[in-house]
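Novice: mind folding the following:
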Amino acid sequence: MIGQISGTLVHKQPPQLMVDVGGVAYELEAPMTAFYELPDIGNRVSLFTHLAIRDDAHLLFGFADRQQRDVFRVLLKISGVGPRVALALLSGLTADDLAACVAVGDIAQLTRVPGIGRKTAERLIIELRDRLETVSGTGPGASGTTLTPQQDAASALMALGYRETEANRAVRAVDVDGVPAVETLIREALKGLSREAP
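Specialist: Residues are numbered from 1 along each chain as shown. As a prediction, the model looks like this:
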């Protein structure tokens, strides 16, 4: 398995790019979120990779960081999601945005990604909810620090585009008994924010 390559970027035209490693040029496909971080052609680049082996081809996919690559691999384990759909998801959403969509059950946001229908979006939310938490950088405590449910919920809201002050205020306003589930906090906080909207 080729896990990472470093070399000179010699070609980039979404979704394809080419990296020269010691005189051998590797062709890769990458999501747009990885393309945004690529240097200019002729510069050094280092990419995490995933090699997919098919009967008719060996396909190499490149990612800007390990988290992005790990989320791609998690997506491939979902029924009906192949490399093309996984690339589309990571082109339309960052890994953190995808985790936030799954956490709050945001089907509308997922179906905005080309090739993702409502049924696929529903399946993604159901099957990814637990799996994404095990991926570095997308789950509670991934940074090495255990976050409170309130902090997790506020982070998810900020990933959806709310300002930090708005997110924290909305989460604090949720009135629940005992230790609340993160999903409950996010859902109730979003209800509160929608009521505040003009």
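Novice: can you pull the phi/psi pair for Gly80?
Specialist: Main-chain torsions, Gly80, degrees, to the nearest 10: phi 90, psi 0.
Novice: isn't it up against Gly117?
Specialist: No. The criterion here is CB atoms under 8 Å, and Gly80 misses it with Gly117 at 10.0 Å. C-beta here means a position set from N, CA and C on the backbone, and glycine is covered the same way.
Novice: report the outermost residue of the protein with respect to its centre.
Specialist: Gly23 (32.5 Å; CA atoms, centre = their mean).
Novice: so for that residue, what pLDDT did the model give?
Specialist: Looking at Gly23, its pLDDT is 94.
Novice: now do the contacts for Gln16.
Specialist: Neighbour list for Gln16: 27-30 [criterion: CB atoms under 8 Å, 6 or more residues apart in numbering].
Novice: which of the residues you listed tops the neighbour count?
Specialist: The most crowded member of these, judged by other CB atoms under 10 Å, is Ala30 (26 neighbours).
Novice: wait, doesn't that residue sit right on Gln13?
Specialist: No. Using CB under 8 Å, Ala30 makes no contact with Gln13, being 10.9 Å away.
Novice: please name every helix or strand in contact with the helix or strand of the chain with the lowest mean pLDDT.
Specialist: One helix or strand of the chain scores below all others by mean pLDDT, DSSP states H and E: helix 149-159, with a mean of 75. Applying 3 or more CB pairs under 8 Å, 6 or more residues apart in numbering; DSSP states H and E, one finds that helix 149-159 contacts helix 95-104, helix 164-172, helix 182-196.
Novice: any idea of the mean pLDDT in the last one?
Specialist: Confidence over helix 182-196 (mean pLDDT, whole number) is 82.
Novice: alpha carbons of that helix, as CSV, please.
Specialist: Only the C-alpha atoms of helix 182-196 are listed here, as CSV (Å, rounded to 0.1, in the frame of the first residue of the first chain):
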residue,chain,number,x,y,z
VAL,A,182,-24.3,16.1,21.7
GLU,A,183,-26.9,15.5,19.0
THR,A,184,-29.7,16.7,21.4
LEU,A,185,-27.7,19.9,22.1
ILE,A,186,-27.1,20.6,18.5
ARG,A,187,-30.7,19.9,17.4
GLU,A,188,-32.2,22.1,20.2
ALA,A,189,-29.6,24.9,19.7
LEU,A,190,-30.4,24.9,15.9
LYS,A,191,-34.1,25.3,16.8
GLY,A,192,-33.3,28.2,19.0
LEU,A,193,-31.1,29.9,16.3
SER,A,194,-33.9,29.4,13.7
ARG,A,195,-36.4,31.1,16.0
GLU,A,196,-34.0,34.1,16.3
